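Undergrad: Need a 3D model of the sequence below.
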Amino acid sequence: MQEQWPEVVDHLRSAIRAGLSLPEALSQLATVGPKILRPLFGDFALDYRATANFNVALEQLGERMADPVADKILTTLRITREVGGTDLGHTLATLSAFLRDDVRTRGELAARQSWIVSAARLAVAAPWILLLILGTQDAAKDAYMTAGGVLVLGLGVLISIVCYRIMLAVGHVTGGRESSVMNSYVSWAALCGLGFGLGIWIILVNLPGWRKMAFAERIAPHVRVGVRSSRMLEDSWHSESGHSALAQLASPLISQMRKFASSHSPSNDILKKRLHAAGLEMSIIDYRSQEIICAMAGVVAGAVCTAFISMQYDLSLVFSILAVICCGMLGYALRGWWLGEQIHRRARKILTQFPTVAEVLALTVGAGESTTGAIERISRICHGVIGEEFVKTLNDIHSGTPMVHAMQNMSDRMQVGTISRFVDAIVVATERGTPLAQVLRDQAQDVRDASKRELMEVAGKREIFMLVPVVFGILPLTIVFAVFPGLALLEMSY
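TA: The predicted structure follows:
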């Protein structure tokens, strides 16, 4: 569907230049638009004839399409319908050029990644071709007919599917949202079914009535493996302690960890800004408490793992204490990492929505609307992260805060460089009375160019990451298939 939108925008531009109204321009796409989208625009024409309400028919069309590009086009048309203006043709021309450039860029990236995908398919087929060749030998065939051989084959199928899907998921930069989601659901459903069937087969094969008793199992009751001690001696070290005493012992440790967190974490002012940038409505004390909880969870997990390992191996006390402390520090650091990840994801959502918001603001201001009125329209029609911030800004303006200060507060909350420049441009244009529409369009174009460069950089990195599951997952599987019959033969001979 992504490749059809430039044609849709071109048809809309042509119809508007010919003097048709917006409902007529959209209705004509049911006959002259892309074939895959004609039924949707036909439904829009029927809805508009039945309701005679352009906004209602437009909302229903957006719900049927469920596409971000469609949302941008329909929002632009709705604003033009409400405020008028002569900038719709320029806006649609800019959007059409951006969509064509995006489709062309993604096609180039897909062509660059095609050789990795072809190599991965060949690597996936290599161990199974080797298995077919080994199947011509009776010894290898007997080795793979055992329970261990079935397990190796099942794990081989599982590893091949998982590594191939991971490789495709890492390199996925093209295609629509719906097809990718549907393909991922089908793949994971098949993977879960394969794992379930493999587990049932392993259980059935290992039932006492189905498997042969090994020589080691037959002589195990007659061989004394080790000296066993009394259970009373093993449990003698346990002591009973009440919860109140444990809480009293843990309270000094928690207070010391709180002081450590306050001294080694960012200051309260910086942390407050980071919480606002992540969109979290929590106090600093709540965040510090979460850091302590994560550290305690790491300590408990480290203690449990150390206890289980010490049952099998002899671990020194110093090593055990260091391992527990490191796990606690890791849990503490993970909370800060997750906060940074939340900030990064929110910034990406803002940058994704910003070009459309800037274009709509430029369209609204160019039609004669005031800056405050344009912000009010954006807060009413825009959803998502940036829409929530505009709602907060509009509430501040209505509560008596000057528009300039409210916009600066929004910039401080979001902490995104593009939004800061956007707010500065609005503030300067408001104070000096200079035209604002062209500045907003230029900023939207800058963000689109930056997103294109980021897409190219990410695709370049993913070309390397796509080789990781192939090299470390599928290629070792070929070695396992080649070595397993020999190992099984040695075990049977022993």
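
Undergrad: Quick check: which element contains the closest residue to Leu134 other than its chain neighbours?
TA: Nearest non-adjacent residue to Leu134, counting by CB to CB, 6 or more residues apart in numbering: Ala140, 4.2 Å away. Using the backbone N, CA and C atoms, a C-beta is placed for each residue, glycine as well. Using DSSP states H and E, Ala140 maps to helix 138-144.

Undergrad: ok, and for that helix, which residues are buried?
TA: Of the residues in helix 138-144, 140, 143-144 count as buried by neighbour count, 16 or more other CB atoms under 10 Å.

Undergrad: count of neighbours near Val56?
TA: Using other CB atoms under 10 Å, Val56 has 13 other residues around it.

Undergrad: which secondary structure elements does the helix or strand it falls within contact?
TA: Using DSSP H and E, Val56 maps to helix 54-65. Where contact means 3 or more CB pairs under 8 Å, 6 or more residues apart in numbering; DSSP states H and E, helix 54-65 is packed against helix 22-32, helix 38-51, helix 68-83.

Undergrad: Can you list the buried residues in it?
TA: Buried residues in helix 54-65 (16+ other CB under 10 Å): 54, 57-58, 60-62, 65.

Undergrad: do stretch 424-441 as well
TA: 425-427, 429-430, 436-437, 439-441.

Undergrad: What's the mean pLDDT across that stretch?
TA: For stretch 424-441, the mean pLDDT works out to 76.

Undergrad: Name the surrounding residues that touch it.
TA: Taking contacts as CB atoms under 8 Å, 6 or more residues apart in numbering, the residues outside stretch 424-441 that touch it are 87, 94, 358-359, 361-363, 365-366, 371, 403-404, 407-408, 411, 422, 443.

Undergrad: Out of those residues, which sit inside strands?
TA: Cross-referencing those against strands under DSSP state E gives no overlap.

Undergrad: where does this structure have low pLDDT?
TA: 1-2, 83-88, 171-199, 201-218, 220-250, 253-267, 367, 490-494 (pLDDT under 70).

Undergrad: Just the strands from it, written as ranges.
TA: Going by DSSP E, the chain shows no strands.

Undergrad: which helices and strands does the helix holding Ala140 pack with?
TA: Secondary elements touching helix 138-144 (3+ CB pairs under 8 Å, 6+ apart): helix 88-134, helix 147-170, helix 475-493.

Undergrad: how long is stretch 461-475 end to end?
TA: For stretch 461-475, the first-to-last residue distance is 21 Å (CA to CA, to the nearest Å).

Undergrad: ok, and what's touching that stretch?
TA: Contacts with stretch 461-475, where a contact means CB under 8 Å, 6+ apart, come from 112-113, 116-117, 119-120, 123-124, 126-127, 159-160, 162-164, 166-167, 170-171, 173.

Undergrad: Tell me which residues of it come out buried.
TA: By 16+ other CB under 10 Å, the buried positions in stretch 461-475 come out as 462-463, 466-467, 469-470, 473-474.
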